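**Student:** Whatever this is, show me its structure:
(one chain, ligands or ions: 1)
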Amino acid sequence: MSAPVAGSPDPLLSVTGLTKHFPVREGLRRSGVVRAVDGVDFTVDAGETLGLVGESGCGKTTTGRMLVRLMEPTAGSISFAGRNITRAGGRELQKLRQDLQIIFQDPYASLNPRHTVGRIVAMPLEVNGIKPPGGVRNRVRELLELVGLNPEHYNRYPHEFSGGQRQRIGIARALALEPKLIVADEPVSALDVSIQAQVVNLLRGLQRDLGLAFVFIAHDLAVVRHFSQRVAVMYLGTIVEIGDRDDLYQRPQHPYTRALLSAVPDVTGQGVGGRIRLAGDVPTPLDPPSGCRFRTRCWKATDRCATETPALVPREGGRQATACHHPETGPLASSGDAVAVPNEVSR
Ligand SMILES: Nc1ncnc2c1ncn2[C@@H]1O[C@H](COP(=O)(O)OP(=O)(O)OP(=O)(O)O)[C@@H](O)[C@H]1O
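**Tutor:** Prediction:
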C-alpha cells in the first residue's frame, strides 16, 4: 500500500487502502467476489476538487458512496478532518453526514416527487433538528437563490422543473447543512450538453465562495478538467494515476490515461492526444488480470506486468504518481499518435 500522494500534509480527507468487495452468491453458496474497489489511496484538501475519472464499472460510485458512509468499506481507512471515520456510527455518523454530502447523477430519482421543493431542501435541517436564526423557510429561500433558483418556486414540485433545475434542487439540499466536502457523482452526465456547463459553473462558484471541497466523479475527462485541481484516474478498482490537473493532462504517464485523453474530442473533433485506440473490453472485476490490471489492453505490456503489481509511485517531484512499470515520459502529442494495439500477453 502506498502513501496518499500529491496532496498537502494536512488534508481534509485521507483515504488509505480503501476496498469494497461484493460477494457473489449462487444459491446459498458464495461463488466469487466482485473487486469493485481494491485498495485506493488519495487525499483531498479543504476547498479543493479532486476529479475521479474512469470508464463505467471501474469503481467510482462505490468509492464515492464509501466516502460519505452510504456503504461500508470491506477494508482500508477513511479519515476526515484528522479523525478516523471508517467505522463511525450513531451520533458521530449523524454529525459526519452534516460535513460530508453527496449529489447524485439522476436528480429526478433522488427527489421525492410528492414533496415540494421547499420541503425537499428543508428536510436535512429538520432531520438534524437545526433551527436557522431566520427560520427554516427563510433559509430554504436563501439556498434556492444561492443555486440560481427562484425562491418563489418554494411550493412547486420536482416535475415542474427541467433537468438542470432539478440538479440545482439537489445541490441546494446538499448545501443546507453547510458541508465541508461534497461528493458529486456524475452530477452533469444526465443533463443536456448545453446545461452541463451551467451546472459545472454553479459548482465552481460555490466552491470558490463557500470554500467547499469536492470529489467530482465523472467518466468524461473534459468535464473534470474544468473543475478539478487534481485528478485521479481509476481502472478496474484501482487508481492508476493521480496528479495535479495540468501535469496530468499535459504529461500523462500511464498508458491508460494517455488513451483516455486521446479519446477526448477537442474543438476540431480530433482526440486531444492523437488516435490511441484501446483494444478489447474492460476485464471483469470478478476475475481481474494478474499483475497490472490494464496489461491486457496495454500496448506497452511485458511479462513483468503479468507478475508484478505496479505500485503508485510518486514522480515529477511528488506532484504526480503513476502505477506503471513502463510509464511514458514525454508530453502528449497534439495529434497523430499511432493507433495502439496491445501486445499479445497471456492472462
Ligand atoms: N451491490 C453490488 N453488488 C455487486 N456488484 C456491484 C454492486 N455495486 C457495484 N457493483 C459492481 O462493482 C463494479 C464497480 O461499480 P461502480 O458503480 O462503482 O462503477 P462506476 O465506475 O461508478 O461505474 P458507472 O460509471 O457505470 O457508474 C462494477 O463491476 C459493478 O457491477
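**Student:** So which residues on the protein come close to the ligand?
**Tutor:** Proximity of the chain to the ligand (CB under 6 Å from any ligand atom) is limited to residues 22, 34, 36, 54, 56-62, 219, 285. All C-beta atoms are positioned from the backbone trio N, CA, C, and that covers glycine.
**Student:** Which of the residues you listed fall in helices?
**Tutor:** Taking DSSP state H as the definition of helices, the residues of the chain next to the ligand contribute 60-62.
**Student:** For stretch 125-132, give me every contacting residue.
**Tutor:** 94, 97-98, 124, 136, 138-140, 176-177 (CB atoms under 8 Å, 6 or more residues apart in numbering).
**Student:** What pLDDT does the model give T284?
**Tutor:** Looking at T284, its pLDDT stands at 92.
**Student:** Run a quick neighbour tally on it.
**Tutor:** By other CB atoms under 10 Å, the residues close to T284 number 13.
**Student:** can you confirm I120 is in a strand?
**Tutor:** No: counting by DSSP: H, G, I helix; E, B strand; the rest coil, I120 falls outside a strand, being helix.
**Student:** got the end-to-end distance for stretch 247-258?
**Tutor:** Using CA to CA, to the nearest Å, one end of stretch 247-258 lies 12 Å from the other.
**Student:** For it, buried residues please.
**Tutor:** In terms of neighbour count (16 or more other CB atoms under 10 Å), stretch 247-258 has its buried residues at 247-249, 251-258.
**Student:** closest to the ligand among those residues?
**Tutor:** When those are compared for distance to the ligand (CB to the nearest ligand atom), Y256 wins out at 13.8 Å.
**Student:** where does the closest one land in three-state SS?
**Tutor:** The local conformation at Y256, judged by three-state DSSP, is helix.
**Student:** which other helices and strands contact the biggest strand by length in the chain?
**Tutor:** Determined from DSSP state E, the single longest strand within the chain is strand 29-44. When contacts are defined as 3 or more CB pairs under 8 Å, 6 or more residues apart in numbering; DSSP states H and E, strand 29-44 packs onto strand 13-26, strand 49-53, helix 60-67, strand 75-80, strand 213-218, strand 230-235, strand 238-244.
**Student:** helices or strands up against the next helix or strand after the fourth one?
**Tutor:** Okay, so that is strand 75-80. Note on strand 75-80: by DSSP states H and E, the next helix or strand toward the C-terminus is strand 83-84. With contacts defined as 3+ CB pairs under 8 Å, 6+ apart, strand 83-84 has no packing partner among the helices and strands.
**Student:** List the strands paired with strand 83-84, with their directions.
**Tutor:** Applying DSSP bridges, strand 83-84 is found paired with strand 75-80 (antiparallel).
**Student:** what comes up buried for the partner strand?
**Tutor:** Using 16+ other CB under 10 Å as the test for burial, strand 75-80 gives 76, 78-80.
**Student:** List just the nearest of the ones in helices among the residues of the chain next to the ligand to G330.
**Tutor:** Of all those, G330 sits closest to K60, with 28.2 Å by CB to CB.
**Student:** Verify the contact between that closest one and G51 for me.
**Tutor:** No: contact criterion CB atoms under 8 Å: K60 and G51 do not qualify, at 10.2 Å.
**Student:** so what sits against both of these two?
**Tutor:** Residues touching both K60 and G51 (CB under 8 Å, 6+ apart): I217.
**Student:** Can you pick out the residue with more neighbours from the two?
**Tutor:** Using other CB under 10 Å as the criterion, K60 and G51 rank with G51 on top: 26 against 23.
**Student:** That one: what's it in contact with?
**Tutor:** Counting by CB under 8 Å, 6+ apart, G51 touches 216-218, 224-225, 227-228, 230-232, 245.
**Student:** biggest separation within the residues of the chain next to the ligand, which pair?
**Tutor:** Farthest pair in the residues of the chain next to the ligand, by CB to CB: F22 and H219, 20.4 Å.
**Student:** These two: who's more crowded?
**Tutor:** Neighbour totals were compared for F22 and H219, and H219 leads with 18 against 15 (other CB under 10 Å).
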